[in-house]
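**Q** I'll drop the sequence and a predicted model, then ask my questions.
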Amino acid sequence: MFNFNTALAVASLTALTGAAPNYVPANNTEIPTIFKPATLIPFLHMEQLTSFPTNVTTIEGITARYPNLGGTVSGALEGSIVDIGSAYELLPTAGEGVYSFYTNTFTINTTDALLHMDARATIQYGNNALHGFGTVTFSTDSPKYLSLNWGSYVAEFEANFNSGTGSIDVFELKYTGKKDGTETPALVKPEEA
């Protein structure tokens, strides 16, 4: 994810597809929503180590696979990223070499358990760097960390090309209620219903 050199990909895909129109979202205050915005709680900070990718050109675009080479995890969990597995990335032709879709399963060693963290993200490239937002899920059978399996998490990350490292911040989403103050039935404890 963090050492991908897209200069050739950007040049070739831009020449093939031309410029893409910009999407302008509606004013957020005009969107009728039921729920208050969720709160983001800082959960983890990760420093990932990686290496250069193996790239393959496909009909959908350029794909890349590159190894997880370790790293550190701090915050609600302390541990290390195990140097196993790899990321998969697709730079679709419609993304003009500026956007990609990223998937990775990290194995985190907390010294008392192994956790799997699946990350899916959309990445934007520019100025020999990348930035992305995505979703994160955890899976473990460790009783100590079992509640992580049911949580909701998002991530933001960045890296500079050819650095071999990337910074990842994971945030837990917390429910803040409905705008009208009514209860959400699925979240009411059975003894209170």
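**A** All right, it came through fine. Because the structure is predicted, anything quoted here is derived from the model rather than measured.

**Q** all helices for this structure, in order.
**A** 7-17 (DSSP state H).

**Q** just want the most central residue of it.
**A** Gly134 (3.2 Å; Cα atoms, centre = their mean).

**Q** quick one: the closest residue to Ser139 other than its chain neighbours and Ile81, what's the gap?
**A** The shortest distance from Ser139 to any non-neighbouring residue, by Cβ to Cβ, 6 or more residues apart in numbering, is to His116 (4.7 Å). For the C-beta atoms, the positions are set from N, CA and C on the backbone; glycine is no exception. Using Cβ to Cβ, to the nearest Å, His116 is found at 11 Å from Ile81.

**Q** ok, Ala129 next?
**A** According to Cβ to Cβ, Ala129 and Ile81 sit 21 Å apart.

**Q** now Thr184
**A** Taken as Cβ to Cβ, the span from Thr184 to Ile81 is 35 Å.

**Q** name the residue in the two with the higher neighbour count.
**A** Ile81 (23 against 11; other Cβ atoms under 10 Å).

**Q** wouldn't that one be in contact with Phe106 here?
**A** Yes: using Cβ atoms under 8 Å, Ile81 is in contact with Phe106, at 5.5 Å.

**Q** send the alpha carbons of the lengthiest strand in the chain over as PDB?
**A** Secondary structure of the chain read by DSSP state E shows that its longest strand is strand 61-75. Presented in PDB, the C-alpha positions along strand 61-75 are these (Å, rounded to 0.1, in the frame of the first residue of the first chain):
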ATOM      1  CA  GLY A  61      -7.000  -1.700 -14.200                       C
ATOM      2  CA  ILE A  62      -3.700  -2.300 -12.500                       C
ATOM      3  CA  THR A  63      -3.600  -4.600  -9.500                       C
ATOM      4  CA  ALA A  64      -0.900  -4.700  -6.900                       C
ATOM      5  CA  ARG A  65      -0.100  -7.000  -4.100                       C
ATOM      6  CA  TYR A  66       2.500  -6.200  -1.400                       C
ATOM      7  CA  PRO A  67       3.600  -7.800   1.800                       C
ATOM      8  CA  ASN A  68       2.800  -6.800   5.400                       C
ATOM      9  CA  LEU A  69       6.300  -6.600   6.900                       C
ATOM     10  CA  GLY A  70       5.400  -5.800  10.500                       C
ATOM     11  CA  GLY A  71       4.900  -2.600  12.500                       C
ATOM     12  CA  THR A  72       3.600  -1.300  15.800                       C
ATOM     13  CA  VAL A  73       0.100  -0.900  17.300                       C
ATOM     14  CA  SER A  74      -0.700   1.400  20.200                       C
ATOM     15  CA  GLY A  75      -3.800   2.900  21.800                       C
END
